[in-house]
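Asks: How does the following fold in three dimensions:
(one chain, ligands or ions: 2)
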Amino acid sequence: MTQSQTQRFSFSLEATDGKARSGRISTPRGEIRTPAFMPVGTAATVKAMMPESVAATGADILLGNTYHLMLRPTAERIAALGGLHKFMNWDKPILTDSGGFQVMSLAGLRKLSEEGVRFASHVDGSKHMLSPERSMEIQKLLGSDIVMAFDECPALPATEAEVAKSMQLSMRWAQRSRDAFGDRPGHALFGIQQGGVTQDLRAQSAEALRAIEFDGYAVGGLAVGEGQEAMFGVLDYAPDMLPVQKPRYLMGVGKPDDIVGAVKRGIDMMDCVLPSRSGRTAQGWTRRGQVNLRNARHQDDPRPLDADCTCPCCAKYSRAYLHHVFRAKEMIGGMLLTWHNLHYFQELMAGMRAAIASGTFDTWEAAFQIEFASGDI
Ligand SMILES: Nc1cc(N)c2c(=O)[nH][nH]c(=O)c2c1
Ligand SMILES: [Zn+2]
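Replies: Ligands and ions are numbered 1, 2, ... in the order given. Down below sits the predicted model:
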C-alpha cells in the first residue's frame, strides 16, 4: 500500500535538532512534510493562484476558512457538489479552521454565549449561529482532512482574568468539539491551546486538551498583535506543554523570521495569508528580506526579483516588468508575485527540514538571519 493510500491519520517524528523537529503527517490524501507551511485558501481558492500552481510551489496542504465557506457558497452546497477538494480541484490534504476566530474578527452583530456565537454575515447581513457542534458539522460537510476545534481567541488588550475566562470557555468548547467530531478514521481533530501570554494559563489549557485527547495540538491566541518578542516568549514554553508525538500547529504565523523562530521552538505547522496577500500588493518576500515592487527604483531594472530563486516569476520576468504591471494594475502582477512568495515560503520550509534532518539547524538559522536582515535586494 502506498503512503497516499493510508486509511489513517498519523504523525511520525523523524529528526530533532535542539527543539526543532522534522517529520511526516500521513493522511488518506497524502503526506505532509513537517515543518510545513499552509497557504490560505480562504474562499476555496488561494487567491491569484491555480491549484496546480500552489502544488508546484511545494505545498503539501492548504487551509480553508470555515467562516467564509459557510456563508458563501455554504457548506451544504459544497457537500452536494462532492466536497471542498473536488469543488476547488485540490486533491491533497486540507485543514479547515473552526470559524470562531474569523467570526469575532469579521462578522457584525456578534453575540458570544456558552452555546456559541450568534452573528450577522459580513456578506449579506443574514443571521447565523456558530457553535462547536455546528462547526464540526460544517467542517465534516466540507470534507476537510484536519478539523480545528471551535475556540475563542481573546482580542488584545485583555486582562489576565479575561484571558482565563476565555480559555476556560474554549476548553469546554474543545470537549464539545471532540464529542461532536466522533470517530472519523482518516480525519483528524486538533485542539487549540489558549491562555494568552500567561504561562500558568497555558499550562492549564494544555492539561485540559491532553485529557480530552486530540490528533494534533495548535498554539492559539498568538499573532494577534502581541509582537514577535512576546510571541517567542510564549513559544519558549508553550509547545513543550503539548504531547511530543503529536503535530504542533501555530495559527496565523507569519513573516519568514517569525516562522524560523517558531520552528526553532518546536512548531511543526503554520499558516498565514502574508505571502499571498503580499503578492497582491506588490510586496515581494525573498531570502534577503522584503521588497516593494511599486518602488520607482525597479522601473528600469532588468534583473529578476531574486536571481537565486527557481520560481517561474524569477525565471522569466524582470523587476521592471513587475513594477510596470503593478503600476498598471494588471492582474498578472499579483499572479506572478504570489507564486514567487509562496515558492519562497516553501523553499524556506524545505531548507529547515533538510537542516533539521542533518543536524545543522543552528548553522542554517545563523545564515538565514544574516541574509534576511541584509536588505540587499
Ligand atoms: N492568530 C490566530 C489565527 C487563527 N486562525 C486562530 C484560530 O482560528 N483559532 N484560535 C486562535 O487563537 C487563532 C489565532
Ligand atoms: Zn522567485
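
Asks: make it CA atoms for all contacts and neighbour counts henceforth
Replies: Noted.

Asks: Which positions in the stretch 51-200 of the chain make contact with ligand 1?
Replies: 97, 101, 151, 153 (Cα under 6 Å from any ligand atom).

Asks: from these, which is closest to ligand 2?
Replies: Nearest to ligand 2, judged by Cα to the ion, of these is D97 at 28.9 Å.

Asks: Next up, phi/psi of the residue of the chain positioned farthest from its centre, please.
Replies: The outermost residue of the chain, judged against the average C-alpha position, is D300 (36.1 Å), by Cα atoms, centre = their mean. Dihedral pair for D300: phi -120, psi 10, per degrees, to the nearest 10.

Asks: Was I right to think it contacts S318?
Replies: No. Counting by Cα atoms under 8 Å, D300 sits too far from S318 to count as a contact (9.1 Å).

Asks: separation between the residue of the stretch 1-150 of the chain found nearest ligand 2 and M50?
Replies: Distances between the stretch 1-150 of the chain and ligand 2 by Cα to the ion are smallest at T57, namely 10.1 Å. Using Cα to Cα, to the nearest Å, T57 is found at 11 Å from M50.

Asks: neighbour count winner among the two?
Replies: T57 (20 against 16; other Cα atoms under 10 Å).

Asks: residues contacting the more buried one?
Replies: 311, 339, 342-343, 346 (Cα atoms under 8 Å, 6 or more residues apart in numbering).

Asks: Then R8?
Replies: 26-28, 185-187.

Asks: By neighbours, which of the residues you listed wins?
Replies: That'd be T27 among the contacts of R8, by other Cα under 10 Å, with 25 neighbours.

Asks: Contacts only, for that residue.
Replies: With Cα under 8 Å, 6+ apart, T27 has these contacts: 4, 6-10, 93, 145, 186-187.

Asks: Per-residue pLDDT of it, please?
Replies: Per-residue pLDDT puts T27 at 98.

Asks: Distance-wise, check it relative to ligand 1.
Replies: Taking Cα to the nearest ligand atom, to the nearest Å as the measure, T27 falls 21 Å from ligand 1.

Asks: Quick check: bridge partners of that residue?
Replies: G30 (DSSP bridges).

Asks: burial measure for K127, as a count.
Replies: By other Cα under 10 Å, neighbour count at K127 equals 13.

Asks: Give me the phi and psi for the residue of the stretch 1-150 of the chain closest to ligand 2.
Replies: Per degrees, to the nearest 10, the backbone of T57 is at phi -70, psi -10.

Asks: Might one say that R287 is in contact with Q369?
Replies: No. Counting by Cα under 8 Å, R287 does not reach Q369; the two are 9.3 Å apart.

Asks: sorry, back to before: how much space between the residue farthest from the centre of the chain and ligand 2?
Replies: 18 Å (Cα to the ion, to the nearest Å).

Asks: again with G225
Replies: The value you get for G225 to ligand 2, if Cα to the ion is used, is 29 Å.

Asks: Would you mark the buried spots in stretch 182-201?
Replies: Across stretch 182-201, burial judged by 16 or more other Cα atoms under 10 Å covers 186-197, 201.

Asks: contacting residues around the most centrally placed residue in the chain?
Replies: By Cα atoms, centre = their mean, the mean C-alpha position of the chain lies nearest to D271, the distance being 1.4 Å. Counting by Cα under 8 Å, 6+ apart, D271 touches 37-40, 63, 250-254.

Asks: before we move on, back to that, go through the contacts of T57 and say which is closest to L305.
Replies: Nearest to L305 among those is C311, at 10.2 Å by Cα to Cα.

Asks: near ligand 2, which residues of the protein show up?
Replies: Proximity of the chain to ligand 2, by Cα under 5 Å from the ion, involves residues 309, 311, 314, 340.

Asks: In contact with A206, which residues?
Replies: A206 neighbours (Cα under 8 Å, 6+ apart): 193, 241-242.

Asks: Please report how far it lies from A20.
Replies: Counting by Cα to Cα - A206 and A20 are separated by 20 Å.

Asks: Specify the local secondary structure of the closest residue to ligand 1 within the stretch 1-150 of the chain.
Replies: Going by Cα to the nearest ligand atom, ligand 1 is nearest to F101 of the stretch 1-150 of the chain, at 4.6 Å. Following DSSP: H, G, I helix; E, B strand; the rest coil, we place F101 in the helix state.

Asks: cool, and the one 10 residues further on?
Replies: Secondary structure of K111, reduced to three states by three-state DSSP: strand.
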